[in-house]
Structures are given as C-alpha cells and as structure tokens.
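In: Dropping a prediction and its sequence here:
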Amino acid sequence: MPINIPKTLPASEKLKQEKIFVMDEERARTQDIRALNILLLNLMPEKERTELQLLRVLGNTPLQVNVTFLRMASHESKNVSKSHLDTFYTTFDKVKERRFDGMIITGAPIEHLPFEEVDYWKELTEIMEWTKKNVTSVLHICWGAQAALYYHYGIDKHTLPEKCFGVFDHQVTDPTVKLVRGFDEAYRAPHSRYTSVSMKEVENHPDLTLLSSSEDAGAFMIMSKDEKHIMLTGHLEYDATTLAEEYERDIDKGVNIAIPQHYFPNNDVKKRPLNTWRSHTHLLFSNWLNYYVYQETPYEWK
C-alpha cells in the first residue's frame with residue numbers, strides 16, 4: 001500500500017522513479033480505508049534528503065500511511081528554503097489537538113551541545129511529553145534517541161574520544177522480540193556521531209530493554225518496556241553514499257577525521273560504497289509499523 005504525501009513534494013518524483021507506491025492527497029481522499037497517521041519531526045538540516053530516506057522505507061509496507069511533516073517553530077532552519085517549510089511542514093501548535101498512530105523524531109547535528117542549551121529544547125520536551133498520551137508509538141533516531149533517553153529515562157549522553165563513524169556489525173539480543181523479527185543474528189548498520197550512551201545504564205534501567213548492540217558502536221536498538229518508545233542510536237535509513245558525503249563535507253571544512261570504518265571497498269575513498277544494511281532497514285520499519293503502530297493503535301482515537 002502507498003504513502004500519502006503532497007503531490008508537489010520534491011521527494012514524490014524520486015520515490016516514483018524507485019517504484020515506491022506513492023499516492024497524492026487527492027487520490028487518497030477517495031480510498032475507503034483507515035490509513036495510519038504518522039507524524040515526522042524532521043530535525044535534520046538537509047530536510048529534503050531526510051524526507052526521501054524515511055518516506056522510502058515507510059512506503060515499503062502493506063499499510064497505507066499518511067505522513068505529516070513537523071518542524072520546530074522555535075528554530076530557524078538554514079539549509080532548506082522557507083517556501084519548502086511553509087508548503088510542506090506544520091508546527092506543533094497546529095497538530096497538538098490531534099492524535100497520531102506513530103511518530104518519528106530524527107537526529108540532529110547538535111550533539112556537542114548539552115540538551116538544555118539546544119535552542120528548541122523546551123519545545124521538543126513539550127512535544128515528547130505530548131506523545132505520552134497522543135501517539136501510539138514513537139521511533140527516535142540518533143540524537144533524537146539520545147534526547148528521548150535523557151528526557152524520558154534520565155540517561156545522559158557522553159562525548160566519545162573520536163567520532164563513531166562507519167558501518168558496524170551488530171548482534172540481536174533476543175530474536176523473539178517483534179521489532180527484530182526476521183533479523184539475522186548479526187547485521188550491519190551505519191553510525192555517525194560524536195556522542196554515545198552508556199550500555200550499562202541502559203541494561204540496568206528498569207524501564208528499558210537493549211535489543212541490539214555492537215562491540216564497536218555500543219548500544220544501538222533500545223525499547224521501553226511498555227513498547228511505546230524505540231530508540232535507534234544509528235542511521236539505518238541512510239543511503240549508500242550518505243557517510244561518504246559527510247566525510248567529504250568534513251574534509252572540505254578542514255576537519256581532522258578518519259575515513260568511515262568498514263565502509264569504502266578496500267578503504268578506498270574513490271570507490272563507491274555498497275548499501276549492506278538496506279534489507280534490515282526495510283524489515284525494521286515494517287515491523288515497527290505493523291506490530292507497534294498498526295496492531296496497537298485504536299481504530300478511532302477518542
């Protein structure tokens with residue numbers, strides 16, 4: 001089934017080229033079906049790229065999904081046009097009276113800041129508090145995962161000696177958990193961050209379950225015991241070339257950074273990297289939408 005997005009959204013044409021089933025709003029209104037309503041809080045600076053990455057995986061399930069894009073009213077985005085935001089995004093004050101079946105909170109390149117020094121932290125905490133009663137399941141990615149662990153469970157992030165940057169092997173802790181149903185016991189996932197969370201704190205927290213981790217990248221997939229919050233410390237949604245583009249960007253800025261680990265063929269930055277995590281990305285998002293959103297959300301919110 002398709003994702004329902006605005007007809008003029010730039011990602012729409014690219015998704016159609018990739019044979020992702022996309023339905024515009026006009027056609028969706030004729031469908032006699034209870035679609036899932038997903039709120040996507042996009043905190044990434046290159047919003048159009050993140051839109052495409054996440055819509056690609058949301059559109060690869062048997063479920064029809066309506067996506068609402070949310071931005072922070074208390075923050076001015078510098079890497080996307082105002083017209084794009086005005087046309088395709090809304091703000092929290094316009095949706096806070098609604099209820100959503102699922103929500104995604106993305107990462108953001110602000111991990112060097114303490115949470116309370118982020119200019120939109122107050123607004124974000126208001127949104128995270130609101131999700132407790134108004135969203136069935138919330139999927140948090142990278143910095144968004146760290147923010148959720150800090151706000152909901154009191155687990156702070158810490159700075160790493162060097163950037164966790166590359167594609168790392170991960171192991172599944174319990175393959176019977178629905179979120180990782182169908183996963184191989186070992187799989188790969190990209191990471192790109194300067195901070196991390198303590199695996200011991202996660203394992204010892206009474207309200208959290210560590211579902212997957214890496215010897216190199218640490219805690220990766222974390223879920224609350226009530227299954228309402230899912231935290232991913234890496235970026236399964238990344239394209240094959242995303243880490244390469246981040247690396248080139250940092251080099252151009254004069255940043256002293258090592259090449260992404262286990263990523264370029266033969267560690268040759270001139271060779272195009274392969275996407276070795278795509279199947280698990282689609283599986284995770286499909287499992288999330290099916291088991292934690294579709295099968296748990298009320299047919300009619302009251």
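Out: In hand now; what should we look at?

In: Packing partners of the helix or strand that contains Ala219?
Out: Element membership of Ala219, judged by DSSP states H and E, is strand 218-224. Contact here means 3 or more CB pairs under 8 Å, 6 or more residues apart in numbering; DSSP states H and E; on that basis strand 218-224 packs against helix 143-153, strand 157-172, strand 186-197, helix 199-204, strand 208-214, strand 229-232. Any C-beta I mention is one placed from the backbone N, CA and C, and that applies to glycine too.

In: most neighbours per residue, which of those?
Out: strand 229-232 (a mean of 25; mean count of other CB atoms under 10 Å).

In: Looking at it now, give me its mean pLDDT.
Out: The average pLDDT for strand 229-232 rounds to 98.

In: Mind giving me the packing neighbours of it?
Out: Secondary elements touching strand 229-232 (3+ CB pairs under 8 Å, 6+ apart): strand 135-141, helix 143-153, strand 218-224.

In: following it, which helix or strand shows up next?
Out: helix 242-252.

In: how many neighbours does Pro206 have?
Out: Pro206 is flanked by 6 other residues according to other CB atoms under 10 Å.

In: Same check on Thr87?
Out: By other CB under 10 Å, neighbour count at Thr87 equals 12.

In: got it, and Met72?
Out: Residues near Met72, counting by other CB under 10 Å: 21.

In: and Thr242, which of the helices and strands packed on strand 229-232 is closest to it?
Out: Between Thr242 and those, the tightest spacing by CB to CB is seen for strand 135-141, at 12.9 Å.

In: relative to helix 143-153, how tilted is that closest one?
Out: Angle, strand 135-141 to helix 143-153, by axes from the mean of the first three to the mean of the last three CA atoms, to 10 degrees: 130 degrees.

In: Next, the buried residues of strand 135-141.
Out: Using 16 or more other CB atoms under 10 Å as the test for burial, strand 135-141 gives 135-141.

In: same question, stretch 41-55
Out: 41-44, 46-55.

In: per-residue confidence averaged over that stretch?
Out: On average, stretch 41-55 scores 94.

In: Can you get me the start-to-end distance on that stretch?
Out: 13 Å (CA to CA, to the nearest Å).

In: same question, stretch 56-76
Out: Stretch 56-76: ends 26 Å apart by CA to CA.

In: partner strands of the strand holding Ala219, parallel or antiparallel?
Out: strand 208-214 (antiparallel), strand 229-232 (antiparallel) (DSSP bridges).

In: Can you give me the end-to-end span of stretch 92-107?
Out: Termini of stretch 92-107 sit 18 Å apart (CA to CA).

In: What are the buried residues along it?
Out: Buried-residue list, stretch 92-107, by 16+ other CB under 10 Å: 92, 95, 99-107.

In: May I ask which two of these are separated the most?
Out: Pairwise over the buried residues of stretch 92-107, using CB to CB, the maximum falls at Arg99 and Gly107, 24.8 Å.

In: Distance check, Phe69 against Ile127.
Out: 14 Å (CB to CB, to the nearest Å).

In: Next SSE downstream of the lowest-mean-pLDDT helix or strand in the chain?
Out: Least confident helix or strand, the chain: helix 25-28 with a mean of 52, by mean pLDDT, DSSP states H and E. The helix or strand immediately downstream of helix 25-28 is strand 36-41, counting by DSSP H and E.

In: Sweet, I'm off.
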